[in-house]
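Participant: can't give you the sequence, but here's the structure:
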């Protein structure tokens, strides 16, 4: 090891693009599964010059942490309840997004899009060698950008990321909604059940699934609530909480609750509380 009192030799010309960062790479782990976060943290622990600065269990917290902590690298799960990985990129903005390695369980068709756009990804279950390769590639790109030699490459990567988000967001969205017919196609147990959108009373988020409440029946569908929200008609369905969307026609009454929130009571007696983030939308519903 070189003694601290000995000044380092000047790097050769052009070496900035391949040099490691002067400080550890600051990494943020985003995954809704605690075991998956622990696994990624363990794998990063053996990487030189990498420091885990935080973990997030959902997309909303990730958006806040990215803006607040400004990590160099984000290990980003794609399928998360509420705000998924692509939603995080959209919320942060491609231009402000740190270097990102996506962690995905998607099939080969979605993965093909990652490869076409040359954006880093690792598949679940995470292979240590493949993970180490992705981290090293991210280190080189970050070091090149910091050295000023990678500005063009950085811009190119952001363009690829924007294209990927646009393409894969559509590609991985399940064809669960037939807008022209006003029906939802729900797959499960070797069959496909079709339900009319108008018959849905309310929708509840449960991890990477949603529960569709239709009278006394409940249907499970693998979909995030945020993705499903974009496919439901806004004139009929209202997001009242990060975990709930209701059919406006099923609302019987709305009662004031604590801290400016409300209790929404449906025609079957179901009581749902609103969230602060969606308070304005509920208040607009109450206006004559």
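Facilitator: Cool, the structure landed. Small disclaimer: the values here were computed from a predicted structure and weren't measured. Numbers count the residues shown, from 1 in each chain.
Participant: and the end-to-end length of stretch 26-35?
Facilitator: One end of stretch 26-35 to the other measures 21 Å (C-alpha to C-alpha, to the nearest Å).
Participant: Please disregard the earlier target; I meant stretch 47-63.
Facilitator: 25 Å.
Participant: neighbouring contacts of that stretch?
Facilitator: Surrounding stretch 47-63, the residues in contact under the criterion C-beta atoms under 8 Å, 6 or more residues apart in numbering are 20-21, 24-32, 34, 37, 41, 44-45, 65, 69, 71, 73-74, 76, 80-85, 87-88, 91-92, 132, 135, 139, 242. In this view, the C-beta of every residue, glycine as well, is placed from N, C-alpha and C.
Participant: Just the buried ones from these, in PyMOL syntax?
Facilitator: Buried residues among these (16 or more other C-beta atoms under 10 Å), as a PyMOL selection:
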select buried, resi 25+26+27+28+29+30+31+32+37+44+65+71+73+74+76+80+81+82+83+84+85+87+88+91+92+135+139+242
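Participant: Just give me the neighbour total for residue 161.
Facilitator: Neighbourhood size, residue 161 [other C-beta atoms under 10 Å]: 20.
Participant: That one belongs to a strand?
Facilitator: No. Residue 161 is assigned helix when assessed by DSSP: H, G, I helix; E, B strand; the rest coil, not a strand.
Participant: what distance separates stretch 211-230 from the middle of the whole chain?
Facilitator: 19 Å (C-alpha atoms, centre = their mean, to the nearest Å).
Participant: typed the wrong thing, it's stretch 34-44
Facilitator: Distance, stretch centre to chain centre, for stretch 34-44: 17 Å (C-alpha atoms, centre = their mean).
Participant: Can you give the contact residues for it?
Facilitator: Under C-beta under 8 Å, 6+ apart, the answer for stretch 34-44 is 27, 29, 31, 50, 52, 55, 57, 75, 77, 103, 124, 126, 128, 131-132, 135.
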